[in-house]
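Asks: Coordinates only, no sequence provided:
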């Protein structure tokens, strides 16, 4: 994984994605960004290549991934909002594309509401999970299905489960757990750094860690 130099980024203009893009650039990575509206993207950098398209379109995803060694997704519903089934559609397309292009690493973020067999969620996390299921039933079910799709794939995925993302450059210590969400929030900069660390770390391959800042 140390040979990873070019990253395909999905969700790079979102609330957490823009921090990820900035940190990747600062560390000298080349990037390909999938954007629905490239005209609104204002960063000019020779390390960035923009691909116009939607993550639900396989051709666009395949073009995005071509020439890269890893994919990182901080995909949200976006503005205007995508269909709440966007998460499974995106991951299905990514898995197909990386298999066809012999790429293995896929790092993707999701909510703490996703359940896995290794969980031992606290009452607080269970309450938050139940709230998400009741408030956003379609997207919550879709994110759970995304985990199932990843689990049944043959790629080196990591599904990072998140509490509330705080829009800040303040860096802190990160706590990671495979059983329960260890905190109520994570700073966007801490999240970006954790995602980048996974490019050279195999500890959480085919696992779904919770992360939080302290």
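Replies: It's in. Just so we're clear, the structure is a prediction, and the values are computed from it rather than from any experiment.

Asks: check contacts around the residue positioned nearest the centre of the chain.
Replies: Centroid-nearest residue in the chain, with C-alpha atoms, centre = their mean: residue 108, separated by 2.6 Å. Applying C-beta atoms under 8 Å, 6 or more residues apart in numbering, we find residue 108 in contact with 71, 72, 73, 74, 75, 91, 146, 150, 157, 158, 159, 160. Every residue, glycine included, has its C-beta placed from N, CA and C.

Asks: Let me know the pLDDT of the residue of the chain most remote from its centre.
Replies: Relative to the mean C-alpha coordinate of the chain, counting by C-alpha atoms, centre = their mean, the farthest residue is residue 123 (25.7 Å). Looking at residue 123, its pLDDT reads 97.

Asks: That one and residue 109: what is the separation?
Replies: Computed as C-beta to C-beta, to the nearest Å, the residue 123 to residue 109 distance reads 24 Å.

Asks: what does residue 12 give?
Replies: For residue 12, the distance to residue 109 (C-beta to C-beta) stands at 12 Å.

Asks: same question, residue 84
Replies: Residue 84 sits at a distance of 16 Å from residue 109 (criterion: C-beta to C-beta).

Asks: who's more crowded, the two?
Replies: Higher neighbour count among residue 84 and residue 109: residue 109, with 24 against 16, using other C-beta atoms under 10 Å.

Asks: my guess is the more buried one meets residue 194, correct?
Replies: No - Residue 109 is beyond contact range of residue 194, at 9.8 Å (criterion: C-beta atoms under 8 Å).

Asks: Common neighbours of the two, please.
Replies: Common contacts of residue 109 and residue 194, defined by C-beta under 8 Å, 6+ apart, comprise residue 160.

Asks: what ranges do the helices span in this structure?
Replies: Secondary structure of the chain (DSSP state H): helices located at 17-26, 58-65, 86-100, 123-135, 137-151, 188-197.

Asks: Out of those, flag the one nearest residue 117.
Replies: Set against residue 117 and scored by C-beta to C-beta, the helices of the chain come closest in helix 137-151, at 9.1 Å.

Asks: Now do the contacts for residue 93.
Replies: Contacts of residue 93 (C-beta under 8 Å, 6+ apart): 55, 56, 57, 58, 61, 62.

Asks: which among those residues end up buried?
Replies: The neighbour count (16 or more other C-beta atoms under 10 Å) marks 55, 56, 58, 61, 62 as buried among the contacts of residue 93.
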